[in-house]
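J.: Dropping a prediction and its sequence here:
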Amino acid sequence: MDIKDIISHSKEYGFIFQSSEIYDGLSAAYDYGPYGVELKNNIKQYWWKSMVQMHENIVGIDAAIFMHPKTWKASGHVDAFNDPLIDNKDSKKRYRADQLIEGYAEKIEAKIQKDVDKAKSRFGDAFDEQQFRTTNDRIIARQNEIDAVMKRLGNAMREGNMDELKTMIDEYGIVCPESGSRNWTEVRQFNLMFSTQLGNIAGEEGKLYLRPETAQGIFVNFLNVQKSTRQKIPFGIAQIGKAFRNEIVARQFIFRMREFEQMEMQFFVRPGEEMQWYEYWKEARLKWHKALGTDASKLRFHDHDNLAHYANAAVDIEFEFPFGFRELEGIHSRTDFDLSQHQELSGKKLQFFDPELNENYVPYVVETSIGCDRMFLAQLSNALQEEAVPDAEGNESTRTVLKLHPALAPVKIAVLPLLKNKEELTNAATDVFNSLKKHFNVQYDEKDAIGRRYRRQDAIGTPYCVTIDFDTLEDNSVTIRDRDTLEQVRIPIDRIADHVRVKTDINELL
Ligand code: ATP
């Protein structure tokens, strides 16, 4: 399904709404609806349990969004958390200069792909794509051009050379997608932090930022947590919370927002042991994604080409979103950069006394950082499907089904009386509903024909539906329908909870 289908499904079925929609919306801000909040909470719960509950040496915190302004000086965000901004004078639209240049390279890549596809259809089974790509002159020339563009871009970004970015845009003849013109402003650095002002202090002194990442709340609490929980290195601190970035171009639904939620874990290790922990967390995090049954071909590692100045290794876990492979999670070896910086600016020691080595040191950090909203979008796009199924009369029909992992599904089971105007049935169904609601998020639905009710549950990803019919009144059993296999089996009422729990229990994923 493409992103448009996902957006409209999300709205129609109460997963995600545009923020302030009645005022025509606020761009790059979204509200989670009744099913959205359940799915999001389940994602967070899965992450929290895997990180905190499953590791005796990882503990959680919930730090404030506002932090002392020096935090952001120390972390480098005040000076360097910038994106290169350019305006088109005709359309008055704003772009990220690096993304315009990447778009130029992507266009060349699309030309290569077109040639490959043409050759593939011409040569059929005999076609060897690898050989074609490495021997065809036109493709080689185009690939060389892409490599040169990306290298030049990488250098300019690393050096913060805005003039070079502008020169590239001019040289490549990049036009504004909106106006088609080349009438560009200069490129300038744009800081992505939102700022606000404390009520009781005027001027620069009272300037506050909305945190652009949750990580710094962990770093500044490193000693508080270590001392109060008596953790020894290696140990980790985990946190889930909101972060804010004034993204220049925020597109692609909840993939890139200005207010979003992060799930981050900083793992403090002995200097010199960071690479083994980096490898450990790479594998552990990929396993976490795969445990949900996500199609393995949609997940891949992507090593960072340009390392941030404080990192000595960094990799993204990318997911194939409807608009291509993009970063879903980052795993970064951040050295002792953050703690050392905070130590310097605060004047407080942030060290650990290692009893085995009998020495004090500033620990190194390996972090895992995933956007909760991106994870939501990944799960939604992986799960939303249209499927051919037989209808009640056995004729072919299609259904829209959200094949979420049952442990993530917003509603675990729906209770459906066969008919709504038969009190015996609705009473019995209400009893079943009441007996299940303390175990799961359950839904009671008596409106419309049973087939339509099944479709509604399929569309929100409910793994099970039970139907209360006249036989139920005789034998205390119900028909339980499985969302994925469509199989319907008869089970006693007192076995429903156990039956549902097997697949829907988050703990089974751990
Ligand atoms: P990108 O390159 O896509 O801007 P990033 O490298 O700046 O992402 P990090 O700073 O590593 O991202 O943040 C960690 C995670 O937070 C990302 O992997 C992503 O899942 C999430 N994230 C970052 N920015 C946003 C955003 N604007 N909206 C939603 N999620 C985001």
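T.: The structure has been received and is ready for your questions.

J.: got a pLDDT number for the most centrally placed residue in the chain?
T.: By CA atoms, centre = their mean, the mean C-alpha position of the chain lies nearest to Arg374, the distance being 2.1 Å. pLDDT for Arg374: 98.

J.: Who are the contact partners of it?
T.: Going by CB atoms under 8 Å, 6 or more residues apart in numbering, Arg374 touches 254-255, 319, 327-329. Glycine gets a C-beta too; all of them are placed from N, C-alpha and C.

J.: do Leu339 as well
T.: For Leu339, the contact set (CB under 8 Å, 6+ apart) comprises 219, 222, 350, 362-363, 365.

J.: let's see it at 10 Å
T.: In this structure, Leu339 makes contact with 74, 219-220, 222-223, 266, 268, 349-352, 361-365, judged by CB atoms under 10 Å, 6 or more residues apart in numbering.

J.: List the beta-bridge partners for the residue of the chain found nearest the ligand.
T.: Per CB to the nearest ligand atom, Gly371 is where the chain lies closest to the ligand, at 2.5 Å. Gly371 has these beta-bridge partners by DSSP bridges: Gln262.

J.: Could you count how many residues lie near it?
T.: Neighbour count of Gly371, defined by other CB atoms under 10 Å: 23.

J.: Against Gly451, how distant is it?
T.: Remark: distance between Gly371 and Gly451 (CB to CB, to the nearest Å) = 38 Å.

J.: same question, Phe15
T.: Phe15 sits 23 Å away from Gly451, going by CB to CB.

J.: So between these two, which is more surrounded?
T.: The neighbour comparison of Phe15 against Gly451 (other CB under 10 Å) goes to Phe15, with 27 against 12.

J.: can you map out the helices along the stretch 301-450 of the chain?
T.: Per DSSP state H, counting those that start in this stretch, the stretch 301-450 of the chain carries helices over the ranges 337-346, 372-383, 423-436, 450-460.

J.: out of the ones you listed, deepest packed?
T.: Comparing the helices of the stretch 301-450 of the chain by mean neighbour count (mean count of other CB atoms under 10 Å), helix 372-383 comes out on top with a mean of 23.

J.: could I get that helix in PDB with only the CA atoms?
T.: The C-alpha trace of helix 372-383 is given here as PDB (Å, rounded to 0.1, in the frame of the first residue of the first chain):
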ATOM      1  CA  CYS A 372       8.400   5.600  18.500                       C
ATOM      2  CA  ASP A 373       6.400   7.300  15.700                       C
ATOM      3  CA  ARG A 374       8.600   5.900  13.000                       C
ATOM      4  CA  MET A 375       8.200   2.400  14.600                       C
ATOM      5  CA  PHE A 376       4.500   3.000  14.500                       C
ATOM      6  CA  LEU A 377       4.600   3.900  10.800                       C
ATOM      7  CA  ALA A 378       6.800   0.900  10.100                       C
ATOM      8  CA  GLN A 379       4.400  -1.500  11.800                       C
ATOM      9  CA  LEU A 380       1.400   0.100  10.100                       C
ATOM     10  CA  SER A 381       2.900  -0.100   6.700                       C
ATOM     11  CA  ASN A 382       4.100  -3.600   7.200                       C
ATOM     12  CA  ALA A 383       0.700  -4.700   8.400                       C
END
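
J.: Show me the shaky parts of this protein.
T.: 392 (pLDDT under 70).

J.: What residues does it have near the ligand?
T.: Within reach of the ligand by CB under 6 Å from any ligand atom, the chain has these residues: 213, 245, 247, 256-257, 260, 262, 327-330, 369-371, 373-374.

J.: OK, contacts around Asn200?
T.: Taking CB under 10 Å, 6+ apart as the contact definition, Asn200 lies against Gly206.
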